[in-house]
Structures are given as C-alpha cells and as structure tokens.
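Need coordinates for the following:
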Amino acid sequence: MPIFGKLSERIDQSIRNHRLKAYIKTLSEVRRLDYSGYSDADLLRQSLELRERANAGETTQELLVPAFALVAEVSERKLGLVPFDTQLLAGAALADRKLAEMQTGEGKTLAAVFAVYLHALCGQGVHVFTFNDYLAERDARWMSPVYAALGLTVSSVQADMSPESRRTAYSADVTYVTAKEAGFDYLRDGLARKPEDLLHRALHFVLVDEADSILIDEARVPLVIAGEKPAEANPSARMAAIAAQLEADADYDTDEFKRNVFLTDEGAQKAERLLGIESLYASEHLAELTGLNCALHAKVLLVRDVDYIVREGRAEQVDSATGRVAENRRWPDGLQAAVEAKEGLEPQTRGQVLGTIPLQHYLSLYPSMAGMTGTALTSADEFKETYSLDVVVIPPHRSNIREDMPPLIYTHPDSKRNAIVQKVLDIHRSGRPVLLGTASVEESEQLAVRLEEAAVPCRVLNARNDKEEAGIIARAGELGAVTVSTNMAGRGVDILLGGGREVEYAQVKALGGLYVIGTHLHESLRIDNQLRGRAGRQGDPGTTQFMVSLEDDLLVRYGLKDELPDNMTGLRQAEPVNTPALERKLTHIQRVANGHQFEARKNLNSYSDTLEEQRRIFRKEREDVLFDRVISSPLSVFDPACYERLLSILGEDTLRKIEKIAALHYMDKVWTDHLDYMNYLKESVHLSSISNRNPLDEFNVNLIRSFTDLPGRVEDQTVQYLQRLRPTSAFDPERDGPKQSTSTWTYAVNDLFLLTRRSIFD
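Prediction:
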C-alpha cells in the first residue's frame with residue numbers, strides 16, 4: 001500500500017478509536033447505575049419518569065444513562081439476556097445516530113433496543129427497518145417483553161395487513177417494518193382523501209437493520225404504487241422476435257464490462273428491414289427504437305437462472321446481493337415486457353403509476369436515522385457522503401479467531417469446479433460442516449448435482465426455495481452438513497455450530513468450525529465479507545476461502561486476462577495459479593467494480609433529484625388541501641355563475657367538500673400524468689446525444705417545464721369537472737364525487753440498468 005494510503009488508514013483508525021472511547025465512558029456510567037433491587041413496578045415508574053422528562057424537553061444525551069440501565073435490567077429479567085458491554089457500546093453509537101458495525105452473532109437485535117427505547121421516550125414513534133417481514137414480526141415479538149415492562153407499545157407491519165391494522169401498528173411507540181412496506185404506506189398516504197385515512201403519523205426516528213443492504217443495495221430502488229389502467233397493445237413479442245434474429249458481433253456488440261448492448265451499423269440496417277421502416281433513429285420511430293433496445297438488453301444481458309428465474313408463469317428477479325427472489329420487483333416497463341416476451345410469458349400488467357419514491361429519498365424524510373450491519377466499513381465513504389452517517393466499528397464480544405485463507409485462483413471454470421467438489425469432499429469426510437456460497441441459482445444447482453454424484457448429500461438454498469431458508473440455515477452448522485447457497489446477505493438467521501446442540505457443538509468446534517467456500521468474487525467486497533461472516537460467530541473457530549477462475553464473469557469484464565503474463569494466456573491446468581501479483585489484481589478489480597457501482601448510484605441520483613424536489617413541493621400543496629390549510633375554490637374565480645348555481649343546490653358545506661375532493665382527485669391525476677411523462681423522458685432523452693446535447697440537462701429542462709404547468713392543469717380540470725356537475729340536493733361528495741382507482745398494488749423497480757447501459761443509438 002502506498003505511504004499515503006497507510007497514513008489515511010491510520011488516521012481513519014484513530015478517528016474510530018476516538019469515537020469508541022466516548023461510548024466506553026458512557027458504558028461505565030451505565031454499569032454503575034444499579035436497578036437490580038427495584039421491583040418490576042419500580043422499574044416501570046422509573047421509565048414513566050423518563051418519559052415525562054423527555055416530554056419536558058430533556059435531550060436523549062441527558063436521558064441515555066438511566067434509559068440504558070433500565071433496558072439492561074429489564075432484558076435480564078424478561079429475556080434472560082445479560083447485555084454484553086459490546087451491545088451497550090453499539091446501543092450508544094446508535095443512540096448517537098451513527099452506523100454501528102457489529103459482526104454476525106453479536107446480538108444486534110438486543111443492542112438496537114437501547115437506542116430505540118431512548119428515542120421512543122418522547123412519544124413520537126420509532127421505526128425499526130428490518131430486511132423482511134419475517135424478521136419484523138420475529139424481532140417485535142422477541143423484544144416486546146422489554147418494551148412492555150417499560151411502558152411502551154410495540155408492533156410490526158406485515159405485507160398482508162389491512163389499512164386499519166397498519167394504522168394501529170404505526171401508532172405504537174415502536175414499529176418493526178421493512179423499509180419497502182413503510183415506503184409503500186407513505187405512497188398510499190399520498191392518495192388519502194381524508195386525514196383519518198392516513199396510515200403514518202409524522203416521521204421521527206428510524207433505526208435501519210442490515211443497513212448496507214437497505215441504504216446502499218436497495219436505496220436507489222424506486223417504490224411504486226399503481227392503479228388500474230386500460231389495456232393497450234403490447235409490441236414486445238414482435239421486438240423479441242426481431243432481437244432473436246440479430247447476431248452477436250455482426251449486428252450488435254457489448255461494452256468492455258458487458259453492461260451495455262448496442263447495435264452496429266449493419267444491425268441497425270437489418271432491424272430497419274425487419275421493421276419495414278426507413279430510419280430507426282427518426283423521431284417518429286422512438287417507440288420502435290426503445291422497444292428494440294429493451295429486447296436486446298433482455299436477450300443479451302439478462303440471463304435466466306442468474307438475473308431472474310421463471311416460476312409459476314412469471315419472470316422473477318433474483319437480487320444479486322442476497323441470492324433471493326426480489327419480491328414484487330420489476331424492471332422498468334419496457335424491459336420487464338421484453339423479458340416476459342423473451343420467455344414466452346403472459347405480460348404482467350403494470351397499471352397506471354400513481355406515485356413513486358426511491359428508498360433513499362423516503363429515508364431522507366426521517367429527521368433522525370441510525371443503522372447497524374455486519375459489514376459497513378468498506379462502504380464508509382458512501383454512507384458518509386449519501387446519509388451523513390459515520391461508521392463506528394464495535395469490537396466483538398469474543399475475539400474473532402476465524403481463519404480467512406487467501407483465494408485459490410484457477411485457469412478456467414472446469415478446473416475451479418473440480419477443485420471445489422474435491423475440497424468439499426475432503427472436508428465432508430471429517431464431518432466438518434461446509435457452506436458453499438455461489439454466484440447464481442444456476443451455479444448452485446449445478447454444484448449440488450456434482451456433489452450428489454460425488455456421494456456428498458447437500459441442502460440447497462437459492463431463489464427457488466427461499467421460503468425454506470430459516471430451516472436450511474439453522475441446520476447448516478450441523479455435523480457433516482453441506483449447504484449450497486446463493487449470497488448470504490440479509491439472511492437474518494445465525495448459523496449455530498452443531499445446530500445449537502451442546503454435544504454436537506463441541507464436536508464441530510473441535511473439527512475447526514464452519515468452513516465457508518466462496519465460488520466467485522462479488523463486485524462489492526462488502527458482499528463477500530457477509531459470506532465470510534457466517535463463520536467464526538462469537539469467537540467460534542471457522543475458515544473461509546474463495547475459489548475463483550480467470551474466466552469468471554467479474555474478472556473477464558474488468559480485463560484480467562489482458563494483463564496475464566504470456567505463460568498464463570490460454571493455460572489450462574488443474575492446479576491453482578496463484579501469484580502475489582494476481583491476488584493484488586483481484587483486490588484491485590473489486591475496488592474498481594465497487595467504485596463503478598457507487599458512481600452509477602450517484603448518477604441515478606442525478607435523474608431523480610429533480611423529480612424528488614418536485615414531489616415534495618407537490619405533496620406539501622396536496623397536504624395543505626387535505627388538512628384544509630388552504631381552501632381550493634377556483635370555480636368561484638373562473639365561473640362565478642356556475643359557483644352560485646352549485647351553491648344554491650348544495651349549500652356551502654357540501655360545495656366545499658366536493659371542491660376539495662375534486663381538487664385532490666385532479667392533483668393526483670396530473671401528478672400521474674407527470675410521472676408518465678418522466679418515464680417517457682427516461683427512455684427517450686438519450687436521443688439528445690445524437691445532436692451533442694447533454695441527456696441529463698435535457699431531462700431536467702423538460703421535467704421542470706412540465707412541472708410548472710401542473711397547477712394550471714389542476715385548476716382547469718377541477719373547474720371543468722364542476723362545470724359538468726348536475727347535482728341534486730341529495731348529492732353526497734364522497735359517494736357521487738370523482739372516483740379513485742378501485743384497486744391499487746405496489747412493486748419496486750430495478751432502475752439501475754438505465755444508468756449502466758449504453759443506449760443502442762450512442
């Protein structure tokens with residue numbers, strides 16, 4: 001490492017140690033405060049006094065020591081859990097709105113309670129974001145005795161809950177919920193016609209579990225709420241058929257990283273012949289151009305059983321960071337339809353987009369935030385730049401004795417797979433459990449077949465059977481267990497040696513603990529570290545090793561083969577070809593790939609920041625109407641005669657109600673139209689590069705121009721509706737007024753491809 005790099009690392013370490021010292025002082029103060037002689041009723045009275053002090057204006061810093069001491073005492077009494085010093089340190093960091101890095105198995109769930117309780121004392125509500133519904137329900141139920149003993153209410157939100165149940169859950173002092181469900185409910189609130197229909201109350205403090213997954217991997221995922229939309233023609237099948245006739249190299253090519261696909265001149269001419277048009281790039285053929293772009297992307301860059309699986313007649317995305325099916329996630333509409341057409345599936349209706357917000361922008365609505373994860377330090381710069389969150393590394397309760405072996409590098413995939421099977425076979429003979437982390441559903445199943453052929457029974461955890469994950473993970477540390485899994489990020493269940501049984505635990509520990517083998521390097525070192533973290537839990541022994549080949553996708557995309565010495569080019573051998581230079585190059589490639597992803601996420605911000613600013617302005621105006629902070633009555637200005645006619649029939653109160661409902665209805669309608677226009681701009685704006693105009697500038701100019709027209713369009717459409725109205729004296733605004741969509745549904749959009757692809761007309 002260059003001298004400046006070493007100096008920077010030492011400075012960072014010094015800063016982290018300084019932060020930790022402040023929390024160590026707090027820890028000693030908490031330990032000195034002894035509540036062991038208090039009755040349960042006394043502890044509750046102490047908690048109620050803290051609530052009164054919080055409501056009187058005392059800060060969380062002033063309340064921290066007694067609050068933490070109460071939680072520690074109640075945890076021991078109600079859960080039988082005596083908090084480790086490291087859990088109290090993590091709680092102090094979280095209370096201080098920091099991002100705490102805690103290793104797997106260190107007890108993040110309990111550590112979170114200290115900060116959550118402290119911030120909930122003011123009565124404004126705290127949200128704890130978990131990775132999935134199962135963890136939200138589990139953690140709320142598990143920690144509820146602590147909250148209840150201290151006089152706080154706790155709840156969880158599940159995807160299948162009714163609006164009434166959701167409203168009740170959000171009214172609790174502490175609510176465990178996934179970030180997506182909370183975001184979807186925020187979008188639902190944006191369609192409310194009455195204040196009492198709102199699900200959320202004002203947002204206060206959020207603690208994000210698995211923070212790296214939610215704040216980085218998922219952060220740029222736009223959440224969408226959609227309503228019914230008339231059926232329309234779907235040209236995707238035709239475009240898929242044309243794309244199928246285009247040939248690699250001759251008709252299309254990809255960039256060096258295989259992220260983007262684009263037509264050659266010959267390919268464009270061939271496409272024009274097949275489409276029966278003169279110029280694919282003429283403005284009147286924009287729909288054909290974007291449709292063919294999506295069809296090519298689906299054909300060339302999205303791989304079945306790697307990027308998605310087909311299940312029950314649907315193309316379901318696989319999250320590369322977690323190996324799970326990304327529930328209710330879609331690609332942008334043109335690409336989603338292209339994948340469905342490629343696989344011969346019935347197209348899924350997406351409906352009319354009624355509202356959308358990326359997770360990152362939703363999270364920014366919380367005045368205060370903290371987070372925790374097992375792997376934060378490698379992305380510390382991004383957390384600081386994006387969320388102003390400092391990372392605090394919490395030392396483990398017991399020293400980490402896991403052995404992280406250097407990677408084994410093979411010349412080609414066959415030699416790597418053979419070596420993996422042999423290594424698993426050798427380890428399995430000893431009885432030591434093995435966890436094999438793979439790159440895709442396809443690879444996990446291929447290796448499982450190879451292991452079965454070698455008489456090694458194994459369990460497979462991938463996107464096809466992710467509903468069984470808790471049971472599979474719980475058994476992964478048993479004597480002789482072999483588990484083949486896609487990525488382990490956000491799984492939320494610890495692998496216990498011996499399956500948690502004392503005798504078997506001792507046997508597995510004596511064998512060296514869990515042996516983790518990674519079959520590929522991820523673009524993010526953080527994801528690889530999450531796999532490593534499955535071994536060596538709470539001071540247990542364990543070993544990790546990655547086994548890769550020079551032809552692995554990541555290494556090919558970043559040009560490793562071009563830098564190989566002549567004696568390695570084209571080499572095919574069974575043994576690894578490790579050299580210090582190659583190992584350094586692997587590390588370099590991951591740093592470069594991680595940087596590209598960071599830049600792509602920042603670039604995506606550029607295309608969403610303007611819309612987010614508009615959304616906040618427009619939502620504030622809508623809330624002013626909803627809460628009667630402004631009275632919307634354009635009819636009295638534009639058509640006084642019509643206003644007087646309606647006033648004479650309906651009376652003032654009823655007329656005000658129908659004006660309000662109409663204003664909200666047409667605000668929603670013009671915003672929906674604005675979102676449709678935004679999606680159109682995203683698909684078409686790159687055409688501006690042909691005339692050497694900046695696509696982002698063109699996007700923002702057009703989006704701003706559209707936004708400035710919205711208030712006038714709302715007024716016009718509201719007035720026109722009221723002018724058409726022919727009510728009787730029995731008119732009921734809620735029953736007879738403008739109707740909302742009778743059904744809505746939610747999904748998330750994988751929008752990142754728009755920023756990493758190069759359009760075919762570049």
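
Just the element for Met372, please.
strand 368-373 (DSSP states H and E).

Can you dump the C-alpha atoms of the helix or strand just after that strand in PDB for me?
Per DSSP H and E, the first helix or strand lying C-terminal to strand 368-373 is helix 380-387. Provided in PDB are the C-alpha atoms of helix 380-387 (Å, rounded to 0.1, in the frame of the first residue of the first chain):
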ATOM      1  CA  ALA A 380     -17.900   4.100   5.000                       C
ATOM      2  CA  ASP A 381     -17.300   6.800   2.400                       C
ATOM      3  CA  GLU A 382     -20.600   6.200   0.700                       C
ATOM      4  CA  PHE A 383     -22.500   6.200   4.000                       C
ATOM      5  CA  LYS A 384     -20.900   9.500   4.900                       C
ATOM      6  CA  GLU A 385     -21.400  11.100   1.600                       C
ATOM      7  CA  THR A 386     -25.000   9.900   1.000                       C
ATOM      8  CA  TYR A 387     -26.500   9.900   4.500                       C
END
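
circling back: helices or strands up against the strand holding Met372?
Applying 3 or more C-beta pairs under 8 Å, 6 or more residues apart in numbering; DSSP states H and E, one finds that strand 368-373 makes contact with helix 85-95, strand 99-101, helix 108-120, strand 205-209, helix 211-212. (Glycine included, C-beta is placed from N, CA and C.)

Would you mind saying which of the ones you listed lies nearest Leu246?
Closest to Leu246 of these is helix 211-212 (C-beta to C-beta; 38.8 Å).

which helices and strands does that closest one pack with?
Packing partners of helix 211-212 (3+ C-beta pairs under 8 Å, 6+ apart): strand 368-373.

Tell me the buried residues in the strand it packs on?
369-373 (16 or more other C-beta atoms under 10 Å).

got the residues you listed as CSV, with distance to Glu551 columns?
Formatted as CSV, the buried residues of strand 368-373 follow (distance: C-beta to C-beta, whole Å):
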residue, distance to Glu551
Met369, 42
Ala370, 43
Gly371, 37
Met372, 38
Thr373, 32
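
In CSV: these, plus distance to Gly595 and pLDDT.
CSV is the format used below for the buried residues of strand 368-373 (distance: C-beta to C-beta, whole Å; pLDDT from 0 to 100):
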residue, distance to Gly595, pLDDT
Met369, 25, 97
Ala370, 26, 97
Gly371, 22, 96
Met372, 25, 95
Thr373, 20, 91
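
ok, of these, which one's closest to His119?
Nearest to His119 among those, with distances taken as C-beta to C-beta, is Ala370, at 8.5 Å.

how far away is that closest one from Pro235?
48 Å (C-beta to C-beta, to the nearest Å).

Let me see the domain layout of the chain.
11-228+360-393, 236-348, 407-577, 603-743 (automatic domain parsing).

Tell me which of these sits nearest to Ala593.
Among these, domain 407-577 sits nearest to Ala593 (C-beta to C-beta), with 4.0 Å.

quick one: average pLDDT of the closest one?
Across domain 407-577, pLDDT averages out at 85.

Start and end of it, how far apart?
10 Å (C-alpha to C-alpha, to the nearest Å).

on that earlier part again, and the domains of the chain, which one averages the lowest pLDDT?
domain 236-348 (a mean of 80).

how long is that one from one end to the other?
12 Å.
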